[in-house]
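Chemist: this is the structure alone, sequence omitted:
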């Protein structure tokens, strides 16, 4: 099968949609499929080449002049590659692939990586729409995309070709007990609430430190919130880290306090590393922590509730260890191989005569 992925870039920047597209491309190629990626390029081009994935340069933009240029670049890639399946990971690329679908004679698949964005409804142009959580699928259906088009393929990243095996990662020497979050520094990720919650419990646990791993457009505002606290010296902005596992292996508690979150791939990484997980009860997050079996859920944007849960774990070593053990159970479904197989199964629905797609498990329904 010839599979062409469309993504904005392939930079190593912590972008979940990019990471999923790169994982899929590499592992689909490893299974013997011919795979290409269309993007404006980035750090992962080398990794793609190592797995035999062909890369085509194209600069996505919604501005008319640049969009026309993107269409030309996409046409050139499509004619060269002649895909059976085009798999779009962005709103801009799905419109381009849809406009030129008859010219290319391929089937179009789109993955919705941020279903809470209003423009995500454009992904409904595809023949099949992959949504990364059941909660996201319900929302997309409410927006008018038919159940026949929607396929739930839960996200996964354990065993990603982007990372070396966890056993070969060395923990960092950081303060203990350590609370960590790995997320882009955007307001919707809930860093400000986490900082406020940490300040509430800091006096009770004077040795605790908070580590914020990630970067983003909200950094100045989030740093300002930290500087307004009485414990700013115990709040560490670590920036983007290509190997966040070093922090996770050294931390006691992982927190994801997002206001909106399609899935929360960092939770999977935290679970594998054995952190006790605390996460907001929104969107796809409950599915990543198995409805509270593998992590503690709290009401999003509720600073008091978050502070209470953090203090509860820091103040009770047995409870902390229990949740650390719970996090590491039942990780098989979070391995990237399952994501690859179920994605191939979606392609197979559209290309039943192509027997090269390998499937193992039935698809989820909404």
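Modeler: Structure received. Since the model is a prediction, treat every value here as computed from it, not as a measurement. Numbering: from 1, shown residues only.

Chemist: for my notes, confirm residue 86 occurs in a strand.
Modeler: Yes. Counting by DSSP: H, G, I helix; E, B strand; the rest coil, residue 86 is found in a strand.

Chemist: how about it, what does it touch?
Modeler: Residue 86 makes contact with 4, 6, 78, 97, 101, 104, 106-109, according to CB atoms under 8 Å, 6 or more residues apart in numbering. From N, CA and C alone the C-beta is placed, and that goes for glycine too.

Chemist: in the top helix by length along the chain, what's buried?
Modeler: Across the chain, the longest stretch assigned as helix under DSSP state H is helix 64-81. Within helix 64-81, the residues scored as buried using 16 or more other CB atoms under 10 Å are 70, 73-74, 77-78, 81.

Chemist: ok, of these, which one's closest to residue 117?
Modeler: Using CB to CB, residue 70 comes nearest to residue 117 of these, at 19.6 Å.

Chemist: OK, contacts around that closest one?
Modeler: So residue 70 contacts 58-61, 92, 96 (CB under 8 Å, 6+ apart).

Chemist: those residues: which two are farthest apart?
Modeler: Greatest spacing in the contacts of residue 70, by CB to CB: 59 and 96 (11.8 Å).

Chemist: quick one: residue 244 from residue 90, how far?
Modeler: 24 Å (CB to CB, to the nearest Å).

Chemist: please enumerate the helices of the stretch 1-150 of the chain.
Modeler: Here the stretch 1-150 of the chain has its helices, by DSSP state H, counting those that start in this stretch, at 16-30, 45-50, 64-81, 91-99, 101-104, 134-142.

Chemist: what's the most buried one of those helices?
Modeler: helix 16-30 (a mean of 23; mean count of other CB atoms under 10 Å).

Chemist: residues contacting that helix, please?
Modeler: By CB under 8 Å, 6+ apart, helix 16-30 touches 3, 5, 7-11, 35-37, 42, 44, 47-48, 50-53, 87, 89-90, 111, 113-114, 132, 155, 157, 160-162, 262-263, 265, 336-337, 339-340, 343-344.

Chemist: before we move on, what about stretch 156-170?
Modeler: Stretch 156-170 has contacts (CB under 8 Å, 6+ apart) with 12, 19-20, 22-23, 26-27, 44, 47, 51, 243, 245-246, 249, 265, 268-269, 272-273, 331, 333-339.

Chemist: again with stretch 89-103
Modeler: If you take CB under 8 Å, 6+ apart as the criterion, stretch 89-103 is touched by 5-8, 17-18, 20-21, 38, 60-62, 67, 70-71, 74-75, 78, 86, 88, 104, 108, 110-111, 113, 117, 119-120, 122-123, 125-126.

Chemist: do you know how far residue 227 is from residue 220?
Modeler: In this view, residue 227 and residue 220 are 10 Å apart by CB to CB.

Chemist: ditto for residue 262
Modeler: Distance from residue 262 to residue 220, counting by CB to CB: 25 Å.

Chemist: about what we covered before: which two in the contacts of residue 86 are spaced the farthest apart?
Modeler: With CB to CB as the measure, no two of the contacts of residue 86 lie farther apart than 78 and 109, at 14.6 Å.
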